[in-house]
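Undergrad: Sequence first, predicted coordinates after that:
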Amino acid sequence: MHYAARRIASLLFSRPSASRISSSSQRSQFLSRKMATTSSSRAKTSSRTYNDAIDALNSLQTPYAVIEARRKAGVRPDAASVAEMRGYLARLGYSSADLDRLNIIHVAGTKGKGSTCAFTDSILARYRRQHGLPRRIGLFTSPHLIAVRERIRIDSTPLTEDLFARYFFDVWDRLESSGASSKPIYSRYLTLMSYHVFLSEGIDAAVYETGIGGEFDATNVVDRPVATGISTLGIDHIYVLGATVDKIAWHKAGIMKKGSPAFTIEQVAPATRVLQDRAAEKSVELRVLDIDPRLAAVKIRPDANFQKKNATLAIALAETALANIDPSFVVPSNHDAPLPREFVEGLEQVVWRGRCEVKEEGNVIWHVDGAHTVDSLKMAARWFVDECATRKKNVSSTGPKALVFNQQGRQEAVDFLDELCNTVKNADGAGFRHVIFCTNVTYAESGYKRDFVSHQHNPKDIEKLTIQRVFAEKWSALDPSANVMVVPSIEEAINKVRALTSTKEGDQKVEALITGSLHLVGGALGILEGGAESL
Ligand SMILES: Nc1ncnc2c1ncn2[C@@H]1O[C@H](COP(=O)(O)OP(=O)(O)OP(=O)(O)O)[C@@H](O)[C@H]1O
Ligand SMILES: [Mg+2]
Ligand SMILES: [Mg+2]
């Protein structure tokens, strides 16, 4: 690799330690925080709050300029990325063998990873209540919806702020005292931290969602997972994984390990082929599951095929894990008998916020879904249309439909709009009457909530609303009769919709869809719930 490319690669996957922070603005931000903490007369630990941890974590984000440089130089994660993760793990004092104690269930996929993990966690939690095993359950997911700490959960509950801060700085100190010249980037840091948390807290079943891909993902340091699952494959993260579903499938298949049962659900044919070839290469037994017939007796929400695929995968993963953890649990040889009660309850009572959520607020019915790929936006649009159609059966008339949309930093997102526009228009003839594009900046006055600070997008684009203007232009071409608006924050977008209810149109309930980005959806829930949102 060319020297410059190698230098960029090293910047990509690790961040310089405090003394070597490169950009001057970052350095001054870091130093001002550092001074704030060191000038304090309090003990070192007392200034290590959750907010301090989030600030330090945000300093590990790959800055926009570096991401751009990476694209230009053609640098992508490779085997060295995983080797580095193992190096960091060793600096923390752990080996891959230690991770075996966690009985890891590892999940990759383009869509439905988080939902599959949440179903699996929920089933294990109900089983534990009844049988006392697993003793403690860990759940690691990404990205976060409301707060960073929700990415690491114990017994389905996000780490408390205190515990998060304590473990965060534990990792920080261990890396510094090991002489590491750099810190891992944001997502790798959280992954490392999750291992430290789970091993320290006596977790004996841990459900892990991959970040991007699988083969070279930060979570792929586990050699002996109890089971692996690959959810629906499609197109996303083209730059890192490739532009075709078979290339993407190759990456995702990287989590399959010899000796660990692997599961997937029905996929498009080229994806299944690649998964099967990779499984054969690795001598892994891969089972491609049809929708589990036992789900006919379970209320899965939303009642849609994609969600039943996620649930099917979760059942198989939970069964396999339980057979390892509880000697009295036996995986049924066929699906003739109904699902055990714990499984049914786990599936029906799962909480996975920001996905297919409906909230009533005065005269607005908010539909909130964090979809952000072509395929998942199709699902979201169809779900919205179905919700509206069901409602229409019960009320004499409904009000206008409104859309709040953003997808920051991905130029191709402009192509997501056609389907969204047409699905709704075909369903009710009128389509979205009001369409609002905003940034992911939470508040009109105070900007980002700390947990959403992002250095990964071009600040100029956010300031000038560049992508939002492109979206607006596209929508106006798709539907010239729609009232299209561009506003700088999520709060202003929500207020635009709320204001519709005081106009004449607003005598009826406005049906609003918020979608396109999980950051947008998380910020919106924060506003709708007045900052008292919970998971
Ligand atoms: N199996 C699926 N196929 C297609 N779309 C799905 C599927 N499961 C969920 N979705 C859609 O994708 C959205 C995100 O779901 P989920 O959080 O489970 O995915 P993820 O793979 O974790 O995504 P992310 O890339 O955000 O980590 C959901 O709100 C839903 O609209
Ligand atoms: Mg993703
Ligand atoms: Mg996810």
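TA: That came in fine, so what should we check first? Ligands and ions are numbered 1, 2, ... in the order given.
Undergrad: Which residues of the stretch 351-500 of the chain lie near ligand 1?
TA: Taking Cβ under 6 Å from any ligand atom, the part of the stretch 351-500 of the chain that reaches ligand 1 is made up of 355-356, 369-371, 375-376, 379-380. Yep, even glycine has a C-beta here, placed from its N, CA and C like the rest.
Undergrad: mind giving me the domain split of the protein?
TA: 3-73, 79-348, 357-528 (automatic domain parsing).
Undergrad: Any residue of the second one touching ligand 1?
TA: Yes. Applying Cβ under 6 Å from any ligand atom, one finds domain 79-348 touching ligand 1 at 109, 111-115, 142-143, 231-232, 306, 309-310.
Undergrad: Between the two ends of that domain, what distance do you get?
TA: 40 Å (Cα to Cα, to the nearest Å).
Undergrad: mind showing which ranges of the stretch 251-400 of the chain have poor pLDDT?
TA: Along the stretch 251-400 of the chain, no part satisfies pLDDT under 70.
Undergrad: try 80 this time
TA: For the stretch 251-400 of the chain, the stretches with pLDDT under 80 are 396-397.
Undergrad: Turn the domains of the chain into a markdown table, including mean neighbour count and distance to Ser534.
TA: Written out in a markdown table, the entries for these read as follows (neighbours: other Cβ atoms under 10 Å; distance: least, Cβ to Cβ, whole Å):
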| stretch | mean neighbour count | distance to Ser534 |
| --- | --- | --- |
| domain 3-73 | 15 | 16 |
| domain 79-348 | 20 | 8 |
| domain 357-528 | 19 | 10 |
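Undergrad: for the residues of domain 79-348 next to ligand 1, which one is nearest Ile185?
TA: Using Cβ to Cβ, Ser142 comes nearest to Ile185 of the residues of domain 79-348 next to ligand 1, at 13.0 Å.
Undergrad: wait, that closest one sits on Glu209?
TA: Yes. In this structure Ser142 lies within contact range of Glu209 using Cβ atoms under 8 Å: 6.0 Å.
Undergrad: any residues in contact with both of the two?
TA: Residues touching both Ser142 and Glu209 (Cβ atoms under 8 Å, 6 or more residues apart in numbering) are Gly114.
Undergrad: okay, how far is it across stretch 326-346, tip to tip?
TA: Note: stretch 326-346 ends 17 Å apart using Cα to Cα.
Undergrad: now do stretch 325-341
TA: 19 Å.
Undergrad: which residues sit against it?
TA: By Cβ under 8 Å, 6+ apart, stretch 325-341 touches 103, 126-127, 130-131, 133-134, 204-205, 226, 292-295, 297-298, 315, 319-320, 322-323, 344, 347.
Undergrad: how about 7 Å then?
TA: Residues outside stretch 325-341 that contact it (Cβ atoms under 7 Å, 6 or more residues apart in numbering) are 103, 131, 133-134, 204-205, 292-294, 297-298, 319-320, 322-323.
Undergrad: Just the ones of those residues in strands?
TA: Members of these lying in strands (criterion: DSSP state E): Ala205.
Undergrad: which of the residues of domain 79-348 next to ligand 1 sit farthest apart?
TA: It's Pro143 and Lys309 that sit farthest apart of those, by Cβ to Cβ, at 21.5 Å.
Undergrad: just to revisit the earlier point, now flag whichever of the residues of domain 79-348 next to ligand 1 is closest to Gly530.
TA: Pro143 (22.6 Å).
Undergrad: I'd guess that closest one is in a helix, am I close?
TA: No. Counting by DSSP: H, G, I helix; E, B strand; the rest coil, one finds Pro143 to be coil, located in no helix.
Undergrad: Wait, it touches Leu520, no?
TA: No. With contacts counted by Cβ atoms under 7 Å, Pro143 stays clear of Leu520, the gap being 11.7 Å.
Undergrad: sec struct for Thr228, please.
TA: strand.
Undergrad: Next up, the contacts around it.
TA: Taking Cβ under 7 Å, 6+ apart as the test, what Thr228 contacts is 106, 255-257, 260, 262.
Undergrad: Now, those that are in strands?
TA: Reading strands off the contacts of Thr228 with DSSP E, I get 106, 262.
Undergrad: Need the contacts of Thr228 in CSV (columns: distance to Arg278).
TA: Below are the contacts of Thr228 laid out as CSV (distance: Cβ to Cβ, whole Å):
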residue, distance to Arg278
His106, 15
Ile255, 10
Met256, 7
Lys257, 11
Ser260, 14
Ala262, 10
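Undergrad: between the contacts of Thr228, which is nearest Ala79?
TA: Closest to Ala79, out of all of these and judged by Cβ to Cβ, is Ile255, at 14.5 Å.
Undergrad: mean confidence for stretch 496-504?
TA: The average pLDDT within stretch 496-504 is 85.
Undergrad: all helices for the stretch 201-350 of the chain, in order.
TA: 238-241, 245-252, 269-281, 305-325, 341-348 (DSSP state H, counting those that start in this stretch).
Undergrad: Then the stretch 401-535 of the chain?
TA: 417-428, 459-464, 466-478, 490-500, 518-528.
Undergrad: tell me the angle the fourth one makes with helix 466-478.
TA: By that I understand helix 490-500. Interaxial angle, helix 490-500 versus helix 466-478 (axes from the mean of the first three to the mean of the last three Cα atoms, to 10 degrees): 30 degrees.
Undergrad: Which elements pack onto helix 490-500?
TA: strand 401-405, strand 434-437, strand 510-515, helix 518-528 (3 or more Cβ pairs under 7 Å, 6 or more residues apart in numbering; DSSP states H and E).
Undergrad: mind redoing it with 10 Å?
TA: strand 357-361, strand 364-369, strand 401-405, strand 434-437, strand 483-486, strand 510-515, helix 518-528 (3 or more Cβ pairs under 10 Å, 6 or more residues apart in numbering; DSSP states H and E).
Undergrad: thinking again about what came up before, select, out of the helices of the stretch 401-535 of the chain, the one closest to Asp98.
TA: Closest among these, using Cβ to Cβ: helix 518-528, at 31.2 Å.
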